[in-house]
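>>> I would like to see how this sequence folds:
(one chain, ligands or ions: 1)
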Amino acid sequence: MARILVTNDDGIYSRGLRAAVEAVRELGDVYVVAPLTQKSATGRAMTLHRPLRAKLVSVPGARMAYGLSGTPTDCVIFAVARFGNFDVAISGINLGENLSTEITVSGTTSAAIEAATHGMPGVAVSLEVEWKKTLGEGEGVDFSVAAGFLRRVVGEVLEHGLPEGVDLLNLNVPSSATGETPIEITRLARRRYAPTVEERIDPKGNPYYWIVGRLLEEFEPGTDAYALKVERKVSLTPLNIDMSVRNEETLRRLREIFENGSR
Ligand code: MN
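Next up is the predicted model:
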């Protein structure tokens, strides 16, 4: 029986996590470790300066489910320490798409990245929803189409593993998708938001700040953002966690400058 880990960054009470468990429960033994509270946009943060509390939670379809007072990355580390490695680690179904190089901000994709560092194939899955619903628990959101695509991707990973050089898959499903919506294999867009800071004034007259992002609208064809936002297709991005540059010409030039001091 395959061993499947499910986590997310919207918390163990998110309906998206429960939909993910339902989607894959027939593919193996499902274990859940997920944050007790909303942890979106926490990236790959790890809790090192305070203890973690774990609570057994009932999640239909899961063999065992823990809510953890930490981040999505803490959850993956806890799951491996507690249960050993898994054949696949799923993170999602996230409330809101996770696109472009900004995925390192995402707790959802970061959990799959953490899993990949433990040698487990990761699948991050996100569903486009209205902005105001991204920090809720998925009330009124229909996860069924995203769940179908997740089942298909996880089934493939369990049967054949990830292709050479791929550590994780980042799956994004548009809100308008049906079972017939095509999948496009994509690369990350360079950028999706133009983040800035808004200043407000508190009741005592002191300024405070909110980070806000203006959505960009121009994306290159072939990118995840173009597939989802322009073509309205399901985007599947194969990712590698090695961010180092491999281009030999570039490396040769840098060696000349920094190793040989020839500039
Ligand atoms: Mn989230």
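>>> would you list every one of the helices in the chain?
Taking DSSP state H to define them, one finds helices in the chain at 15-24, 72-83, 107-117, 144-160, 224-225, 248-254.
>>> Including mean neighbour count and mean pLDDT, could those helices go into CSV?
Placement of C-beta: from N, CA and C, glycine included. Shown next, in CSV, are the helices of the chain (neighbours: other CB atoms under 10 Å; pLDDT from 0 to 100):
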stretch, mean neighbour count, mean pLDDT
helix 15-24, 24, 98
helix 72-83, 22, 98
helix 107-117, 27, 98
helix 144-160, 18, 98
helix 224-225, 26, 98
helix 248-254, 10, 97
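>>> Can you check which of those helices gets nearest to residue 195?
Nearest to residue 195 among those is helix 224-225; the distance by CB to CB comes to 15.4 Å.
>>> So what touches that closest one?
The contact list for helix 224-225 (CB atoms under 8 Å, 6 or more residues apart in numbering) reads 99, 100, 170, 172, 186, 187, 188, 189, 192, 219, 235, 237.
>>> can you redo the helices of the chain as TSV with distance to the ion?
Putting these into TSV (distance: least, CB to the ion, whole Å) gives the following:
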stretch	distance to the ion
helix 15-24	8
helix 72-83	9
helix 107-117	6
helix 144-160	13
helix 224-225	17
helix 248-254	35
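>>> Residue 3: neighbouring residues, count only.
By other CB atoms under 10 Å, 18 other residues sit near residue 3.
>>> isn't residue 40 right next to residue 107, touching?
Yes. In terms of CB atoms under 8 Å, residue 40 counts as a neighbour of residue 107; the distance is 5.7 Å.
>>> hmm, back to that, nearest to residue 260, of the helices of the chain?
Judging the helices of the chain by CB to CB, what sits closest to residue 260 is helix 248-254, at 10.2 Å.
>>> Quick check: the residue of the stretch 1-150 of the chain nearest the ion.
Closest contact between the stretch 1-150 of the chain and the ion, by CB to the ion, is at residue 40 (3.3 Å).
>>> Parallel or antiparallel, which strands does the worst-scoring helix or strand of the chain on mean pLDDT pair with?
When each helix and strand of the chain is scored by mean pLDDT, DSSP states H and E, strand 207-215 comes last, with a mean of 93. For strand 207-215, the pairing partners within the sheet under DSSP bridges are strand 193-201 (antiparallel).
>>> picking that back up, how about the CA coordinates for the least confident helix or strand of the chain, as PDB?
Below are the C-alpha coordinates for strand 207-215, written out as PDB (Å, rounded to 0.1, in the frame of the first residue of the first chain):
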ATOM      1  CA  PRO A 207       1.200  55.000  11.000                       C
ATOM      2  CA  TYR A 208       1.000  51.300  10.200                       C
ATOM      3  CA  TYR A 209       1.600  49.400   7.000                       C
ATOM      4  CA  TRP A 210       0.000  46.700   4.900                       C
ATOM      5  CA  ILE A 211       1.900  44.800   2.200                       C
ATOM      6  CA  VAL A 212      -0.400  44.800  -0.900                       C
ATOM      7  CA  GLY A 213       0.100  43.500  -4.400                       C
ATOM      8  CA  ARG A 214      -1.100  44.900  -7.700                       C
ATOM      9  CA  LEU A 215      -1.700  42.100 -10.000                       C
END
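>>> from here on, count from 670
I'll keep to 670 as the first residue from here, and by that count the last item is strand 876-884.
>>> what sits up against that strand?
861, 862, 863, 864, 865, 866, 867, 868, 869, 870, 871.
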